[in-house]
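K.L.:
No sequence on hand, only this structure:
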């Protein structure tokens, strides 16, 4: 009872708070009753725990709004079209959740996670990828890394061979 009384009513949905109040009142009555039987105390305790667990936090939409603002502040030209379109869909969904007065805590949390994921999944455009088409930068250098590896391997073999000859002499 003491723990529940210390909760801030404003943090919880009105429906869940109002559903818990009669159970809390009953628990207070049982506590005040010196003649209450242990079975009655146990039953009231169980009901109070159940009512407490059914309390639902009011969703805090501030973080979701901050993420929407962050996403809207990004420049589409910096990202690939595919990742930008995915972000825009999530911004649209998140905006609907912010505008929905009946959106519950879980819905807001899911929207936050989805929007965060879309922001993190944005793919920056690089000089090699322009408008979804891969255009390798032309440097005029036709050497291949595998060719360099072969040269290094041959050089290593030559060093080993020369050392063996020195040891034999």
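P.N.:
Received, thanks. Model, not experiment: these values are computed from the prediction.

K.L.:
Which helix or strand contains the most centrally placed residue in the chain?
P.N.:
Nearest to the mean C-alpha position of the chain, by C-alpha atoms, centre = their mean, lies residue 113 at 3.7 Å. Using DSSP states H and E, residue 113 falls within helix 105-120.

K.L.:
Next one, pLDDT for residue 13 please.
P.N.:
The model reports residue 13 with a pLDDT of 82.

K.L.:
who touches residue 116 in this structure?
P.N.:
By C-beta atoms under 8 Å, 6 or more residues apart in numbering, residue 116 lies in contact with residue 67. (C-beta placed from N, C-alpha, C; glycine too.)

K.L.:
Give me the buried positions along the helix holding residue 113.
P.N.:
Neighbour-count burial for helix 105-120 flags 108-109, 111-112, 114-116, 118-119 (criterion: 16 or more other C-beta atoms under 10 Å).

K.L.:
Okay, domains of this structure per the record?
P.N.:
Structural domains annotated on the chain: 2-53, 62-130, as defined by automatic domain parsing.

K.L.:
So which of those has the densest surroundings on average?
P.N.:
With neighbours defined as mean count of other C-beta atoms under 10 Å, these peak in mean count at domain 62-130, which reaches a mean of 15.

K.L.:
Quick check: residue 31 vs residue 120, distance?
P.N.:
The gap separating residue 31 from residue 120 is 50 Å, by C-beta to C-beta, to the nearest Å.

K.L.:
I meant residue 2, not that one.
P.N.:
Taking C-beta to C-beta, one finds residue 2 at 42 Å from residue 120.

K.L.:
Which secondary structure state does the residue nearest to residue 12 when sequence neighbours are not counted sit in?
P.N.:
In space, and not counting its chain neighbours, residue 12 is closest to residue 55: 5.1 Å by C-beta to C-beta, 6 or more residues apart in numbering. With DSSP: H, G, I helix; E, B strand; the rest coil as the basis, residue 55 sits in coil.

K.L.:
what residues are up against residue 55?
P.N.:
Taking C-beta under 8 Å, 6+ apart, we find residue 55 in contact with 7, 12-13, 16-17, 20.
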